[in-house]
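In: Let me see the structure of the following:
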Amino acid sequence: MPFLTQSCRPVRSVIRRAATSFLAGMLLFPLSAQAERIFVSNEKDNTISVIDGESLEVVETIDVGRRPRAMVLGPDGNELFVAVGDDEAIDMIDLETLKVVRSQSSGEDPEVIRVDPKRPYIYVSNEDDNIVSVLDYEQRTRVTEIPVGIEPEGLGISPDGKWLIATSETSSMVHIIDLETMEALYHRLVGARPRHVEFTDNGAEAWVSSEIGATVSIIDMQDTYDIKHTIRFDVPGVPRETVQAVGVALTSDGRYGFVALGPSNRVAVIDQQTYEVIDYLLVGQRVWHLALNADESRLYTTNGVSGDVTVIEVDGFEAIRSVPVGRFPWGVVVEP
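Out: Numbers count the residues shown, from 1 in each chain. Prediction:
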């Protein structure tokens, strides 16, 4: 046995070195970055840019309907749903072929869409009609319409599928909708021109951004359904009127919140627990929407005026790359 143990030492050393090299390579090229694809809607080009997460280059361009904006992944991960505003439809892209395979009427001027986690429903903010449309994407029918305030835009759905929140730009309100009854039960005033709604991972809070108000309102979704805190943004050296809160992304571990601040060309980094602003990150021109990747190691931003996507490493809050896409990129979705 002693000679066997001794003779195995060189082999073990080789295996150990190989394992170390392999792990080092994994750290340099994480699996999530290699596998993921980033989809970006280009509002003026009527296209979706597909960015490879490893090379950080556009590898495909998908033709869709006119004026694509919000996008969501289908529940099985095989399709991407795209709101095409000027066609008044939802285009559905097969993620294997990267082709539009079907389209469903959405009502007038669809802007933001969300998918129900329990039922085959798409919720659509119809800005011109002051309603939220409920569509069945399996039966390709309209289920119902929910009246809301003037110029609805942002939509957010709770993780358990119980609540939908719709924002009304002109009314400066949010409408908290019970998805069992399809009725708005609570109405709350927020900052001027509310744009986006994002629930925390545990569903306890909803974060609502207000573009002109330059605020994020934190809504208690457990007890009172009232605003429990308001975050205000003031970027040093940047004109106040350019600080416009739009897209929001929240890490699932409850650590960080990220808010796109429009023409200020900044993304605010926020402590989710204290609501304190930690930092402002410089990105492209007129940053609009944001998306975290699956392991939340990266944040991707769409920059409308500069026509690019900024890639941010969450650990260290560092912008590492600018990726040119189409004209006026609006929405961004990351496929694991």
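
In: Next up, identify which helix or strand Asn202 is on.
Out: Assigned by DSSP states H and E, Asn202 falls within no helix or strand.

In: What is the burial count for it?
Out: 13 (other CB atoms under 10 Å). Placement of C-beta: from N, CA and C, glycine included.

In: do you know how far it is from Ile38?
Out: 26 Å (CB to CB, to the nearest Å).

In: Do a quick rundown of the helices in the protein.
Out: 2-28, 31-35 (DSSP state H).

In: Let me see the contact set for the residue nearest to the spatial centre of the chain.
Out: With distances taken as CA atoms, centre = their mean, Ala291 lies nearest the centre of the chain, 4.1 Å away. Ala291 sits next to Ile38, Ala249, Leu299, Tyr300, Val332, Val333, Val334 when contact means CB atoms under 8 Å, 6 or more residues apart in numbering.

In: cutoff 7 Å now
Out: For Ala291, the contact set (CB atoms under 7 Å, 6 or more residues apart in numbering) comprises Ala249, Tyr300, Val332, Val333, Val334.

In: do the same with Asn265
Out: If you count contacts by CB under 7 Å, 6+ apart, Asn265 has them with Leu282, Val283, Gly284, Gln285, Val287.

In: what's the most distant pair in these?
Out: The span of the contacts of Asn265, defined through CB to CB, is set by Leu282 and Gln285 at 10.5 Å.

In: Quick check, Pro152 in contact with Thr170.
Out: No - at 9.4 Å, Pro152 does not count as touching Thr170 under the criterion of CB atoms under 7 Å.

In: Val283 against Val269, yeah?
Out: No - with contacts counted by CB under 7 Å, Val283 stays clear of Val269, the gap being 11.7 Å.

In: one step back: lowest-confidence stretch among the helices of the chain?
Out: Comparing mean pLDDT across the helices of the chain, the weakest is helix 2-28, with a mean of 40.

In: Neighbours of Gly77, how many?
Out: Residues near Gly77, counting by other CB under 10 Å: 10.

In: Could you do Glu183 as well?
Out: Glu183 - counted by other CB under 10 Å - has 11 other residues nearby.

In: May I have the beta-bridge partners of it?
Out: Taking DSSP bridges as the rule, Glu183 bridges to Asp178.

In: Any figure for the gap between the residue nearest to the residue nearest to the centre of the chain when sequence neighbours are not counted and Ala83?
Out: Nearest residue to Ala291, sequence neighbours excluded (CB to CB, 6 or more residues apart in numbering): Val332, at 4.4 Å. According to CB to CB, Val332 and Ala83 sit 14 Å apart.

In: Distance of the residue lying closest to Asp201 once chain neighbours are set aside relative to Ala70?
Out: In space, and not counting its chain neighbours, Asp201 is closest to Ser252: 4.0 Å by CB to CB, 6+ apart. Distance from Ser252 to Ala70, counting by CB to CB: 21 Å.

In: who's more crowded, these two?
Out: Ala70 (25 against 12).

In: what's near enough to touch that one?
Out: Ala70 is in contact with Ala83, Glu111, Val112, Ile113, Gly331, counting by CB under 7 Å, 6+ apart.
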